[in-house]
Structure formats: structure tokens, C-alpha cells
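J.: sequence and predicted structure, then a few things I'm wondering about:
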Amino acid sequence: MNKLLFQQSVAEAIHALFEYALNKQLPIAIWQSPDTKEIKVVVSFTAPQLQKVDLNGSISGFVVSPFVNPEGDLAYLLPADLFYSTVNNEFISYTNKTDQVAKIEQELYYANNTSKFIMGVKQQSASADNKEHYVELVTKGIQFLETHQVKKVVLSRNKQIQLANDFNIVGSFLGLCQRSSAFNSLVFLPEQGIWMGASPEVLIKIQNDIFHTMALAGTQLLLNENDVKKAVWTHKEIEEQALVSRYIIDCFKKIRLREYEDVGPKTVVAGNLLHLRTDFTVNLKEVNFPELGTVMLSLLHPTSAVCGMPKQEALSFILANEGYNREFFSGYLGPINFKGQSELYVNLRCAKIKEGIATLFAGAGITLESNPTKEYYETENKMSNMAQIFDNKLR
């Protein structure tokens, strides 16, 4: 690597790589794993295609899956043709395309590209938030649960924010990385646009031969950091989280896996919110099941936390009634097969950015005990973390 390129700052390196990828219409993923300072970047030289995710494969890269994913294991793969880490400011090529990597380094160096990527001024009107529509949707969802013996359905909504003309997308992402302990990501796919998020929910993580997933559900505002251990949960919230845990255990049962450990539920902090979480781990060597991650991916997605139970009935209701395409919201994303390690997160607390508009997404788990108005405000609270990033009043 030509280290002269990034003598100025890490921020300039990220700005330069992101602007280069957008100008060349190359897929790029930038991310920061929870509780780390390291930021990583993957740039691909070819258009990503939907393909099966193999967590035991030889291809290192970054995957992004839409919510609608019938088999669970299909995602857009961005091979790590170019990989950059802020640790030691190093380029690495995980493919044999070293000539293209060298060309990018040379282009970036001679361009001395230290500008900050600013969103274009082209804008459209932000759509009005429709509280009544969501309340009606939740009411209809509760009626669906009553008449179809469905235990839970997760219903979502979106809302748009008009961005300032000088909105700095990479600067906003780097600011998010400084204050968020979630999985922070900024992804551009030429056909699907720009997505930014801060997800608190692990779908599948494989590290040092340990498989990890979690049941995360139940939501309340964090009013005082000193009151985390004193949080009181309602029967509705406890049951909602228990349904997600039960769903994961049912997936284990389908493959006759009994050797797992579970810890929880416990109260955890995610931004300005509290959730209930149960962690599940499996020692892959002890169970002699190295392909467990790949197998579980097709079983888990979409989980009860973003879809409902039973899965197919809940999914059918969502697709017929939500009235919009979730796209990558409540899908999953993350790096795979880097030195035998992978980490996939449910794409929550995210926004799509296009033509001066940021579209925010959030959902709530609906059970027979749900109050439609309270569920609306739960989605508002979930959107608030991302809304603050864009530093603009909601329109």
C-alpha cells in the first residue's frame, strides 16, 4: 500500500474511498463492530448478485440481505476485492485482483482526494408522517392475531427526513461510530442506493469456533442510566421476548441440536432504549458442526423479532398489509469469512439515503396485549436515534 495516501487522517481515508466508490459506481461497505474503534472497508469491482451465503466458504466479503428472502440464506455479496482497515492504515486484497487494487491506490494518491463527500442538492419533498395509518394497521394486526391464532406479528413503518444541502454523509457516519456501541454500517450498492445503520441485534456471529445468536425484544425508553438494573417490564414485553427465544430454540430442535447455552433474559442498553436480551452460544468443535452458522441462517431469517410467529402466517400478513417495501430494513448484513470469522446483524435502526431524503424505518412486535397508540410511539422512539444523526427537523 502507498501509505502516503493516508498520512493526513483516518477520516480523510474513509471520505476518499467512499467518494471514489460512488463516482465509479462500485459497491462499498464501511463498518465498525460493537465496542471497537476499528473501522473496516470493503470495495468490490463487480456488481453484487443475490447468492447463497456460505459461512464456511473461501470468499471473504460483506453481505446485505433484503427482508423478503424466502430461503433465508440469499444476500448480495460484496467480495473483498479491496479491504481497508483503520488499524495501521492498511490495504489488503483478499482476491487475486491485485492489479486493480494497485490502480485504485494510484488513482487515489495522484488525485490527492481529501474532499468530504457531500450529498447532492437534488431533493424531493419528504412524505408526511401518518400516525393514523399505523394505528389502524396495528389494530388490524391485533384482529388478525385473534382470528388466525397467530401469536405475534411485527409491523413496521417508515418516515422521511429532508436533509440539508450540505449534509455530510461520511462525517455523519463517523460521528455515529464515535457515540454508538452497536454494529455501525454505511453501505452503497449501485442498484439499491445508500444505507446507514446502527444495529444492536446479532443474527449470527462465529468467532473462535463459537456460534452466537440472540433473542432481542421488548422496548422501553432509557430515562436514567442509573436505573437500568431497576427496569420493570410488562407481561406483554416479557412474553414478546420469550417468543423470540422460543423461536431460536425451535430452530435448534429442527436440526436436533441440544448442546447449547443460553443466558438471559437480561436488560441491555441500545442508544436511548432498553431491551430484553437472551444470548445463545454453541461450541462448534464440541458438537462437530462447523456448518451450523450456514444452516441456522436459512432457519432464523426472518426471526420472530422482525416478522412474527408462526413465521409464514405473519409474513403473509406483513406483505399484504404494510403497504410499502421494507427493502433492506429488517434484513441482515455484515462481514463474512474473514480469517474464519463472520458477524451478521439484523438491519435495524437504519435509514436509506437518496436525493436529499433520508427514509427511516422501525417496527414493533404486536401481540394480543398491544396498544396501537403505544406501539406507534415505540416506533418513534426507535427512529429517534437515527433521526439525531441527520441533524434536521422531521418534516
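T.: Received it, and whenever you're ready, just let me know what you need.
J.: roughly how far does Lys254 sit from Leu300?
T.: For Lys254, the distance to Leu300 equals 11 Å [CB to CB, to the nearest Å]. (Each C-beta comes from the backbone N, C-alpha and C, glycine too.)
J.: more crowded one of these two?
T.: Taking neighbours as other CB atoms under 10 Å, Lys254 and Leu300 compare with Leu300 leading, 22 against 11.
J.: so who does that one touch?
T.: 72, 203-204, 213, 248, 251 (CB atoms under 8 Å, 6 or more residues apart in numbering).
J.: of those residues, closest to Val346?
T.: Proximity of those to Val346 (CB to CB) peaks at Leu203, which lies at 5.1 Å.
J.: so which strand or helix has the closest one?
T.: In this assignment (DSSP states H and E), Leu203 forms part of strand 202-207.
J.: I'd like the next helix or strand past that strand.
T.: The element immediately downstream of strand 202-207 (helix or strand, assigned by DSSP H and E) is strand 210-221.
J.: for that following strand, packing partners?
T.: Helices and strands touching strand 210-221, by 3 or more CB pairs under 8 Å, 6 or more residues apart in numbering; DSSP states H and E, are strand 202-207, helix 235-254, strand 261-270, strand 273-283, helix 292-300, helix 372-389.
J.: who does the residue nearest to Ser342 when sequence neighbours are not counted bridge with?
T.: Excluding the flanking residues, the one nearest Ser342 by CB to CB, 6 or more residues apart in numbering is Ile336, at 4.2 Å. Ile336 has these beta-bridge partners by DSSP bridges: Gly61.
J.: and for Gly365?
T.: Val154.
J.: ditto for Asn283
T.: Beta-bridge pairing for Asn283 (DSSP bridges): Ile210.
J.: how many neighbouring residues does it have?
T.: Residue neighbour count, defined by other CB under 10 Å, stands at 15 for Asn283.
J.: so where is the protein shaky, pLDDT-wise?
T.: Along the chain, the parts satisfying pLDDT under 70 run over 1-8, 90-129, 225-226, 391-395.
J.: now Thr281: how far from Pro310?
T.: In terms of CB to CB, Thr281 sits 26 Å off from Pro310.
J.: ends of stretch 178-197, what's the gap?
T.: Stretch 178-197 has an end-to-end distance of 14 Å (CA to CA, to the nearest Å).
J.: so for it, what gets flagged as buried?
T.: In terms of neighbour count (16 or more other CB atoms under 10 Å), stretch 178-197 has its buried residues at 180-189, 192, 194-197.
J.: contacts only, for the residue nearest the centre of the chain.
T.: With distances taken as CA atoms, centre = their mean, Asn347 lies nearest the centre of the chain, 2.2 Å away. Contacts for Asn347 (CB under 8 Å, 6+ apart) come out as 64-65, 195, 197, 199, 328-333.
J.: how about the strands in the stretch 101-250 of the chain?
T.: Using DSSP state E, counting those that start in this stretch, the strands assigned to the stretch 101-250 of the chain run over residues 152-162, 183-189, 193-199, 202-207, 210-221.
J.: which one, of these, ends up nearest to Leu17?
T.: Closest among these, using CB to CB: strand 183-189, at 10.7 Å.
J.: and the closest one, what does it pack against?
T.: Strand 183-189 is packed against helix 10-24, strand 28-32, strand 61-65, helix 169-179, strand 193-199, strand 332-336, strand 342-346, with contacts defined by 3+ CB pairs under 8 Å, 6+ apart.
J.: for Glu322, find the nearest of those.
T.: strand 342-346 (17.2 Å).
J.: ok, residues contacting the closest one?
T.: By CB under 8 Å, 6+ apart, the residues outside strand 342-346 that reach it are 33, 55, 63, 183, 185, 199, 201-207, 293, 297, 303, 305-306, 330-336.
J.: quick one, which of those are buried?
T.: Neighbour-count burial (16+ other CB under 10 Å) is assigned, among the contacts of strand 342-346, to 33, 55, 63, 183, 185, 199, 201-206, 293, 297, 303, 305-306, 330-336.
J.: what number of residues lie near Lys285?
T.: Lys285: 11 neighbours (other CB under 10 Å).
J.: between the helices and strands packed on strand 183-189, which gets nearest to Val87?
T.: That would be helix 10-24 among the helices and strands packed on strand 183-189, by CB to CB, at 9.7 Å.
J.: that closest one - contacts with which helices or strands?
T.: Against helix 10-24 (3+ CB pairs under 8 Å, 6+ apart) you get strand 28-32, strand 40-43, helix 98-111, helix 169-179, strand 183-189.
J.: next one: Ile30 from Ile357, what distance?
T.: Ile30 is 21 Å from Ile357, by CB to CB.
J.: settle it for me: which of those two has more neighbours?
T.: Remark: of Ile30 and Ile357, Ile30 carries more neighbours, 25 against 20, as counted by other CB under 10 Å.
J.: which residues does the closest residue to the more buried one other than its chain neighbours contact?
T.: In space, Ile30 comes closest to Leu186 once its chain neighbours are excluded; the distance is 4.4 Å by CB to CB, 6+ apart. By CB under 8 Å, 6+ apart, the residues touching Leu186 are 18, 29-31, 169-170, 173, 194-196.
J.: thank you kindly, that will do.
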